[in-house]
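Student: Provide a 3D model corresponding to the input given below.
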Amino acid sequence: MKQDESYLIPFLSEKAEQCLSDQMITNSAFLDLHEKSQAAGLRLPHGVRRIFYGGFEGAERTVAVFLPDYIEAEDFDSLSEFFRLSPGDCPVAVLEVEKDKFSPPLSHRDYLGSLMGLGIKREMTGDIIVNENGCYIFVMKSMASYLADNLVSAGRGTLSVRIIAPHEIKDMPSNEGERESFTVSSPRLDSIVKNGFHISRDAACEAISKGLVFLNDIECLKPDKRIAEGDKITLRRKGRMIVTSLPGKSKKGRDIVNVEFFGKK
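Tutor: As a prediction, this is how the structure comes out:
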């Protein structure tokens with residue numbers, strides 16, 4: 001599936017209609033944040049629900065799952081429980097990758113490069129979560145066996161791979177970021193992007209206008225969008241942050257912003 005912009009929405013519409021007509025779960029391949037923003041704006045036929053699912057809470061790359069009325073899942077948690085009880089319906093599998101003990105440390109880029117070297121399109125793979133002993137790679141279930149058989153090395157490391165279901169992950173790395181506080185003249189998107197990602201205001205505004213900034217995983221083109229506690233802000237290729245609190249004013253009358261940051265600065 002080639003997920004260019006002219007093809008994606010018609011493809012997703014077809015999947016939603018198929019869900020309704022056949023009364024079955026349908027799904028897309030993995031979507032990046034820009035594609036997810038498009039999918040989130042898709043008008044669904046009556047009797048069809050859409051939940052974005054990447055295998056774990058907070059996944060950046062997700063699959064749009066279309067559900068008929070008889071499946072009682074309303075959000076990520078309830079869909080995850082449904083997939084746990086009905087694993088054959090889950091479109092996502094996990095490659096539990098372990099590197100040889102003599103292999104050097106491997107990065108996200110090493111693992112992704114090896115996947116691309118196997119001729120895999122990016123939409124067939126989701127997030128890659130690196131740990132000390134290897135990584136977890138979220139993939140479309142249809143590709144899992146092929147990848148498990150052929151993903152034997154990454155960088156200068158030797159790999160072994162086992163296929164598991166998302167709910168079978170036992171030691172997902174802690175999802176804790178770096179905590180930081182700063183002040184802004186008002187809690188607007190451009191001000192928080194500027195201060196949180198340590199870039200200039202011009203760069204923040206340019207990133208927003210180019211569709212590189214996502215608010216709660218949806219593309220936001222409004223620099224003056226007011227930000228609330230709990231909002232997640234992602235700047236493509238820089239990382240993401242969650243606004244943990246807006247506790248009030250500083251002594252100089254500026255708004256205090258507390259965030260938890262994930263990624264590079």
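Student: where does pLDDT dip in the stretch 101-250 of the chain?
Tutor: 173-176 (pLDDT under 70).
Student: apply 90 and report the result again.
Tutor: Applying pLDDT under 90 to the stretch 101-250 of the chain flags the ranges 132, 170-178, 236-239.
Student: for it, what spans make up the strands?
Tutor: 125-131, 134-140, 153-154, 157-164, 178-184, 213-215, 218-219, 232-235, 239-249 (DSSP state E, counting those that start in this stretch).
Student: would you mind giving those strands as a markdown table with distance to residue 117 added?
Tutor: Quick note: C-beta positions are derived from backbone N, CA and C, even for glycine. What follows is the strands of the stretch 101-250 of the chain, written out as a markdown table (distance: least, Cβ to Cβ, whole Å):
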| stretch | distance to residue 117 |
| --- | --- |
| strand 125-131 | 13 |
| strand 134-140 | 14 |
| strand 153-154 | 9 |
| strand 157-164 | 13 |
| strand 178-184 | 32 |
| strand 213-215 | 29 |
| strand 218-219 | 30 |
| strand 232-235 | 27 |
| strand 239-249 | 26 |
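Student: need those in a markdown table with mean neighbour count and distance to residue 114, can you?
Tutor: Shown next, in a markdown table, are these (neighbours: other Cβ atoms under 10 Å; distance: least, Cβ to Cβ, whole Å):
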| stretch | mean neighbour count | distance to residue 114 |
| --- | --- | --- |
| strand 125-131 | 20 | 10 |
| strand 134-140 | 24 | 10 |
| strand 153-154 | 19 | 4 |
| strand 157-164 | 16 | 8 |
| strand 178-184 | 15 | 29 |
| strand 213-215 | 24 | 27 |
| strand 218-219 | 18 | 30 |
| strand 232-235 | 21 | 25 |
| strand 239-249 | 16 | 23 |
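Student: do you know which of these lies nearest residue 68?
Tutor: strand 134-140 (20.9 Å; Cβ to Cβ).
Student: give me the sheet partners of that closest one and which way each runs.
Tutor: Using DSSP bridges, the strands paired with strand 134-140 are strand 92-99 (antiparallel), strand 125-131 (antiparallel).
Student: hey, C-alpha coordinates of the longest one in CSV?
Tutor: Once non-C-alpha atoms are left out, strand 92-99 reads as follows in CSV (Å, rounded to 0.1, in the frame of the first residue of the first chain):
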residue,chain,number,x,y,z
VAL,A,92,-0.2,-5.8,15.0
ALA,A,93,2.5,-8.2,16.2
VAL,A,94,5.8,-7.6,18.1
LEU,A,95,9.2,-8.7,17.2
GLU,A,96,11.1,-9.3,20.4
VAL,A,97,14.7,-8.8,19.3
GLU,A,98,17.6,-9.9,21.4
LYS,A,99,21.2,-9.1,20.3
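Student: now the angle from it to strand 157-164?
Tutor: 150 degrees (axes from the mean of the first three to the mean of the last three Cα atoms, to 10 degrees).
Student: contact partners of strand 92-99?
Tutor: Defining contact as Cβ atoms under 8 Å, 6 or more residues apart in numbering, one finds that strand 92-99 is touched by 53-55, 63, 106, 111, 126, 133-141, 144, 147-148, 151, 154, 157-166, 168-169.
Student: at 7 Å instead, please
Tutor: Residues outside strand 92-99 that contact it (Cβ atoms under 7 Å, 6 or more residues apart in numbering) are 53, 55, 63, 106, 126, 133-141, 144, 147-148, 151, 157-166, 169.
Student: now do the shortest one
Tutor: Residues lying outside strand 125-131 but in contact with it, judged by Cβ under 7 Å, 6+ apart, are 30, 54-55, 59-61, 92, 107-108, 111-112, 115, 135-139, 172-173.
Student: again, but for stretch 48-63
Tutor: Applying Cβ under 7 Å, 6+ apart, the contact partners of stretch 48-63 are 16, 19-20, 27-33, 36, 44, 64-68, 73, 75-76, 79, 91-92, 94, 126-127, 138, 166, 172, 175.
Student: in strands, which of those residues fall?
Tutor: 27-31, 64-68, 92, 94, 126-127, 138 (DSSP state E).
Student: what's the farthest-apart pair in these?
Tutor: Top of the distance list for the ones in strands among the contacts of stretch 48-63 (Cβ to Cβ): 68 and 127, 27.1 Å.
Student: thanks a lot, catch you later.
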